[in-house]
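Enquirer: Kindly generate the corresponding structure for this input.
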Amino acid sequence: MSIDPRMRGSEGAGTEPRNRPKVVMYATSWCPYCARARQLLEHKGVELEEIDIETMPAARTEMISRSGRHTVPQIFIGETHVGGCDDLHDLEARGGLDKLLQIGV
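Expert: Next up is the predicted model:
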């Protein structure tokens with residue numbers, strides 16, 4: 001029995017599985033907490049959409065509206081607001097990050 005290549009997950013030609021949730025991080029280029037969160041997500045092989053709130057001023061308003069917070073980073077996995085860098089690392093320490101990256105609920 002062979003596997004249809006279009007149905008492959010991460011073992012495909014370097015692509016993210018189709019069912020993986022979108023990961024968005026509101027950030028600034030100089031923020032050390034943003035760099036730490038980015039490093040963890042990159043280590044996990046996550047394709048990250050990073051929105052720089054300094055180069056896109058309307059993005060700051062969008063971030064505050066979505067998260068209720070004024071600080072960066074603010075991280076969303078699918079529709080779930082994870083929070084900031086400490087929240088992301090706490091989620092990883094509790095073993096919940098991998099699960100959320102798979103299902104995005």
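Enquirer: ok, now which ones touch the residue sitting nearest the centre point of the chain?
Expert: By CA atoms, centre = their mean, the mean C-alpha position of the chain lies nearest to V23, the distance being 3.1 Å. The contact partners of V23, by CB atoms under 8 Å, 6 or more residues apart in numbering, come to L41, V46, E47, L48, E49, I75, F76, I77, L101. Quick note: C-beta positions are derived from backbone N, CA and C, even for glycine.
Enquirer: Just the closest of these to G83, please.
Expert: Of all those, I75 has the smallest distance to G83: 6.7 Å, by CB to CB.
Enquirer: and the closest one, what is it in contact with?
Expert: 23-26, 37, 41, 81-85, 87-88.
Enquirer: at 10 Å what do you get?
Expert: 23-27, 34, 37-38, 40-41, 48, 67, 81-85, 87-88, 91 (CB atoms under 10 Å, 6 or more residues apart in numbering).
Enquirer: Let's test this: what are the backbone torsions at the closest residue to it other than its chain neighbours?
Expert: In space, and not counting its chain neighbours, I75 is closest to V82: 4.4 Å by CB to CB, 6 or more residues apart in numbering. Per-residue torsions, V82: phi -80, psi -40 (degrees, to the nearest 10).
Enquirer: Equivalent analysis for A27, please.
Expert: Main-chain torsions, A27, degrees, to the nearest 10: phi -150, psi 180.
Enquirer: Would you quantify the distance from it to F76?
Expert: 12 Å (CB to CB, to the nearest Å).
Enquirer: which residues do those two both contact?
Expert: In contact with both A27 and F76: M63, using CB under 10 Å, 6+ apart.
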